[in-house]
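*Asks:* Quick one, what's the 3D model for this:
(chains A, B, C and D)
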There are 2 protein chains.
Amino acid sequence: MINKFAFNIPIGIYLHWQLKITMTKAEKTRNFIVEKTAPIFNMKGYAGTSLNDITAATGLTKGSIYGNFANKDEVALAAFDYNFNSNVSKIEAEISKKDTTKEKLLAYISIYQSFLVGGISQGGCPILNTAIDADDTHPALREKVLKAVLSWKKSIIKLVEDGISNEEIKVGSNPEQIALTVIAMIEGGIMISRLTNKIENWNLIMDSLKKYINSLG
Amino acid sequence: MINKFAFNIPIGIYLHWQLKITMTKAEKTRNFIVEKTAPIFNMKGYAGTSLNDITAATGLTKGSIYGNFANKDEVALAAFDYNFNSNVSKIEAEISKKDTTKEKLLAYISIYQSFLVGGISQGGCPILNTAIDADDTHPALREKVLKAVLSWKKSIIKLVEDGISNEEIKVGSNPEQIALTVIAMIEGGIMISRLTNKIENWNLIMDSLKKYINSLG
DNA sequence: TTTATATTATACCAATCGGTATATTTTAAT
DNA sequence: ATTAAAATATACCGATTGGTATAATATAAA
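*Replies:* Residues are numbered from 1 along each chain as shown, chains lettered A, B, ... in the order given. Next up, the predicted model:
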């Protein structure tokens, strides 16, 4: 189906349009279900989100849900992907605006700050939430979060390595350690700030992180 | 009942024994239920832990559970208290062994490291787990975790303030900021290390935290 | 416009959910 | 040892769980 169109149309130009035109009703519904349920899974967790929650949020019936997904698992996995990919897009967009390594690292702070209020996916950081939720209970979901964290770590390592090449960051720095430290402080900061519901706590922790990042050079 | 004994017995000496002798069967059972279910609530969360899990873990029947607790909520709240108090005892014991402020702060690292393997309460840090679990779903439980974090923060602030008085920590340091930063790094570190299942990640993050603590003086 | 197919809704399933009334057993004071 | 009370077990409740068979409807190609 896709090939029929793609065969004689320049991919670079019409890829976006082509994807739209080949999106069937079911695919649209699938996306719709994921968009509507992603915040719920993020807030209530896997076990805490029922099929009743899913039908209520979408206005669809069970038949429609199960016509597009094999089971609750598939919806949850797709919801996590949606939440995570939304963040990745946002992060990449913000980071590409910055020039220096330090500025790029600092950009994470302002991006993840958005999770404290509303943000794309309500209920805090999907990585943190899903990691804790799925850790001991849901291997497939856990695997997805693990990949997400490793991918995040990898991105930061790349940034730091570039920074070392540019002589912006000290030679001898451990890029992996820096990546893990940044992630830990951000996720720990989100937990504390959401629990206490105090943005000042976030600011204090992020002030420490800023000092840490600035000390790398 | 307690007063009958306490009235003519020196409290300092017989308090422990007195508590034992006045503990009824039901109180023992209550403790037993809490001990057995605390790791389950910590691993599976509130929604993920069913009454069937509770009866299976204790070997008791529903009638017995509901004879000692009003509902699942009460068991969950008691389980969190148990998990948290176990930690507090452990922490106080370890910290009292150390002499300097920095050593006391560093002691948190080795204590929380125990959460990565087995520890008293399986499934990671109960504060982190319950904070994420109850955040958007269970106000009463959330309130308990909030108090736990604030109490933890308060303890660290006290340590730091003493350190400033002793001239062990720089004058002008922000005790609250230090407390929040330490907690964030530990909790973020636990999340990452448990997810990736790599103790090296914990070590790298804690190495950053050690540097941070040592830089305070 | 017809028609096959894809999609959605209805109605149902067994299993499990948290919770309870009541019967039985165990505890502990007399 | 007796006995009242406390604790536990049995058997059940309605509601909800995730999931499915089937009927009704909407889609889209011919």
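*Asks:* make it CA atoms for all contacts and neighbour counts henceforth
*Replies:* Noted.
*Asks:* which ones are touching residue A:101?
*Replies:* Residue A:101 makes contact with A:159, A:160, A:162, A:163, A:168 under the criterion Cα atoms under 8 Å, 6 or more residues apart in numbering or on different chains.
*Asks:* From these, which land in strands?
*Replies:* When these are checked against strands (DSSP state E), there are no matches.
*Asks:* closest to DNA strand D among those residues?
*Replies:* Nearest to DNA strand D out of those is residue A:159 (Cα to the nearest atom of the strand; 40.7 Å).
*Asks:* neighbours around residue A:95, how many?
*Replies:* The local packing count at residue A:95 equals 18, with neighbours defined by other Cα atoms under 10 Å in any protein chain shown.
*Asks:* Nearest residue to it in space, ignoring adjacent ones along the chain?
*Replies:* Of all residues not flanking residue A:95 in the chain, residue A:104 sits nearest, at 5.2 Å (Cα to Cα, 6 or more residues apart in numbering or on different chains).
*Asks:* Look up how far DNA strand D lies from the one you found.
*Replies:* Applying Cα to the nearest atom of the strand, to the nearest Å, one obtains 40 Å for the distance of residue A:104 from DNA strand D.
*Asks:* mind listing the helices for chain A?
*Replies:* A:2-6, A:11-21, A:25-48, A:51-58, A:62-68, A:72-97, A:101-113, A:126-134, A:139-165, A:175-196, A:199-214 (DSSP state H).
*Asks:* will you turn those into JSON lines that also has mean pLDDT?
*Replies:* As requested, those are arranged in JSON lines below (pLDDT from 0 to 100):
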{"stretch": "helix A:2-6", "mean pLDDT": "26"}
{"stretch": "helix A:11-21", "mean pLDDT": "32"}
{"stretch": "helix A:25-48", "mean pLDDT": "92"}
{"stretch": "helix A:51-58", "mean pLDDT": "97"}
{"stretch": "helix A:62-68", "mean pLDDT": "95"}
{"stretch": "helix A:72-97", "mean pLDDT": "96"}
{"stretch": "helix A:101-113", "mean pLDDT": "95"}
{"stretch": "helix A:126-134", "mean pLDDT": "97"}
{"stretch": "helix A:139-165", "mean pLDDT": "98"}
{"stretch": "helix A:175-196", "mean pLDDT": "97"}
{"stretch": "helix A:199-214", "mean pLDDT": "97"}
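*Asks:* now the contacts of residue A:101 as CSV including distance to DNA strand D?
*Replies:* Putting the contacts of residue A:101 into CSV (distance: Cα to the nearest atom of the strand, whole Å) gives the following:
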residue, distance to DNA strand D
A:159, 41
A:160, 42
A:162, 45
A:163, 47
A:168, 50
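*Asks:* and those residues near chain B, which?
*Replies:* When contact is defined as Cα under 8 Å from any Cα of the partner chain, the contacts of residue A:101 do not meet chain B at all.
*Asks:* Name the pair among those with the greatest separation in space.
*Replies:* Of all pairs drawn from these, the one with the largest separation by Cα to Cα is A:159 and A:168; the distance is 10.8 Å.
*Asks:* Count the residues that sit near the residue nearest to residue A:91 when sequence neighbours are not counted.
*Replies:* In space, residue A:91 comes closest to residue A:111 once its chain neighbours are excluded; the distance is 6.7 Å by Cα to Cα, 6+ apart. For residue A:111, the number of neighbouring residues by other Cα under 10 Å comes to 15.
*Asks:* need the residues of chain A near chain B, please.
*Replies:* A:43-45, A:47-48, A:123, A:128-129, A:131-133, A:135-137, A:142, A:146, A:149, A:177, A:180-181, A:183-189, A:191-192, A:194-196, A:201, A:204-205, A:208.
*Asks:* Show me just the buried residues among those.
*Replies:* A:43-45, A:47-48, A:123, A:128-129, A:131-133, A:135-137, A:142, A:146, A:149, A:177, A:180-181, A:183-189, A:191-192, A:194-196, A:201, A:204-205, A:208 (16 or more other Cα atoms under 10 Å in any protein chain shown).
*Asks:* wait, what's in contact with the most centrally placed residue in chain A?
*Replies:* The C-alpha lying nearest the average C-alpha coordinate of chain A belongs to residue A:84 (Cα atoms, centre = their mean; 2.4 Å). Neighbour list for residue A:84: A:126, A:127, A:148 [criterion: Cα under 8 Å, 6+ apart].
*Asks:* Just to check, the second one is in contact with residue A:151?
*Replies:* Right, the one you point to is residue A:127. No: contact between residue A:127 and residue A:151 fails when scored by Cα atoms under 8 Å: they sit 11.5 Å apart.
*Asks:* neighbour-wise, which of those two wins?
*Replies:* residue A:127 (22 against 13).
*Asks:* neighbours of the nearest residue to the more buried one once chain neighbours are set aside, just the number please.
*Replies:* Closest residue to residue A:127 in three dimensions, ignoring its sequence neighbours and counting by Cα to Cα, 6+ apart: residue A:145, at 6.0 Å. For residue A:145, the number of neighbouring residues by other Cα under 10 Å comes to 27.
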